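Student: Sequence below, structure please.
(one chain, ligands or ions: 1)
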Amino acid sequence: MYSGGHILASGALALISSKRLDIQFVKLAPVMIATNLLDTDHLKYFYLDDGTANSLVMHPAHIYAGVLFFLIFFVGLIYKKLQYWSFAVSGAVALHLTGDAISFWLNYNILLLGMIDALLLIFIAISAKRINTGLPFIPLMVFFATAEILSSAVQAYLAFVLKLVPQENIIVFIVSPVIFLLTAITFWLMFKKYRVKVKTILN
Ligand SMILES: [Zn+2]
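Tutor: Sure thing, here's the model as predicted:
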């Protein structure tokens, strides 16, 4: 999946998980976005990847993601307080792999993946209206739409304007992890003021 899709998928999962697991969305969303840093492993063997490789069989962190998934799950087994967090974050790791599997299945078709992004954005909009995230709706939507458009624009610029060949330019694969990191940090900086410090049971 391209960066924008991963960010939107993480945002969508964070919305559902925050409601179901009673975790503050403002904390969960940046953590879930950051799990996409799994893509840092694209730097290894980048010379074998034309940008459409199957990450699940080529990139080390993806191949061994089962270990990471189990470790996060196990933390929840040991520390009861972290149970919901562990459930949510291991889900985010699984979702990243699912996104990559779907993208490979779709041959990284830009049009189809763009349609998935649009559907994810609509899903986020509907969910954010229905779920009390504690965050203002418009800035939240502007954030996710901008994150998608900007990351797609950067990747399109590298591919179609600079015409970088992925196998020869490691920069192509540095871009995604940088985007995920900046997006997670920006989200936190923009919305951290909405976090609830003392947990109250509302219902
Ligand atoms: Zn990946």
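Student: where's residue 155 relative to residue 110, distance?
Tutor: Counting by C-beta to C-beta, to the nearest Å, the gap from residue 155 to residue 110 is 10 Å. The way it works is simple: take the backbone N, C-alpha and C, and place the C-beta from them, glycine included.
Student: the more surrounded of these two?
Tutor: residue 155 (19 against 14; other C-beta atoms under 10 Å).
Student: check contacts around the more buried one.
Tutor: For residue 155, the contacting residues are 2-3, 175-176, by C-beta atoms under 8 Å, 6 or more residues apart in numbering.
Student: one more time with 10 Å, if that's ok
Tutor: The contact partners of residue 155, by C-beta atoms under 10 Å, 6 or more residues apart in numbering, come to 2-4, 51, 110, 172, 175-176, 179.
Student: By neighbours, which of those wins?
Tutor: Going by other C-beta under 10 Å, residue 4 tops these with 27 neighbours.
Student: Please look at it and residue 121 and confirm they touch.
Tutor: Yes. Residue 4 is in contact with residue 121 according to C-beta atoms under 10 Å; the separation is 9.4 Å.
Student: Mutual contacts of these two, please.
Tutor: With C-beta under 10 Å, 6+ apart, residue 4 and residue 121 have common neighbours 144-145, 148-149.
Student: now the residues you listed: which count as buried?
Tutor: Neighbour-count burial (16 or more other C-beta atoms under 10 Å) applied to those gives 144-145, 148.
Student: Show me those residues that map onto helices.
Tutor: Applying DSSP state H to these, the entries found in helices are 144-145, 148.
Student: Which parts of the protein are helices?
Tutor: Per DSSP H, the chain carries helices over the ranges 3-21, 25-34, 55-58, 60-63, 65-78, 83-105, 110-130, 137-156, 171-191.
Student: quick one: residue 129 from residue 78, how far?
Tutor: Separation of residue 129 from residue 78 (C-beta to C-beta) stands at 37 Å.
Student: same question, residue 156
Tutor: From residue 156 across to residue 78, the span is 44 Å (C-beta to C-beta).
Student: Check residue 107 too.
Tutor: For residue 107 relative to residue 78 (C-beta to C-beta), the value is 41 Å.
Student: Now for this structure, the helix or strand with the poorest mean pLDDT.
Tutor: Every helix and strand in the chain was compared by mean pLDDT, DSSP states H and E; the lowest is helix 55-58, with a mean of 88.
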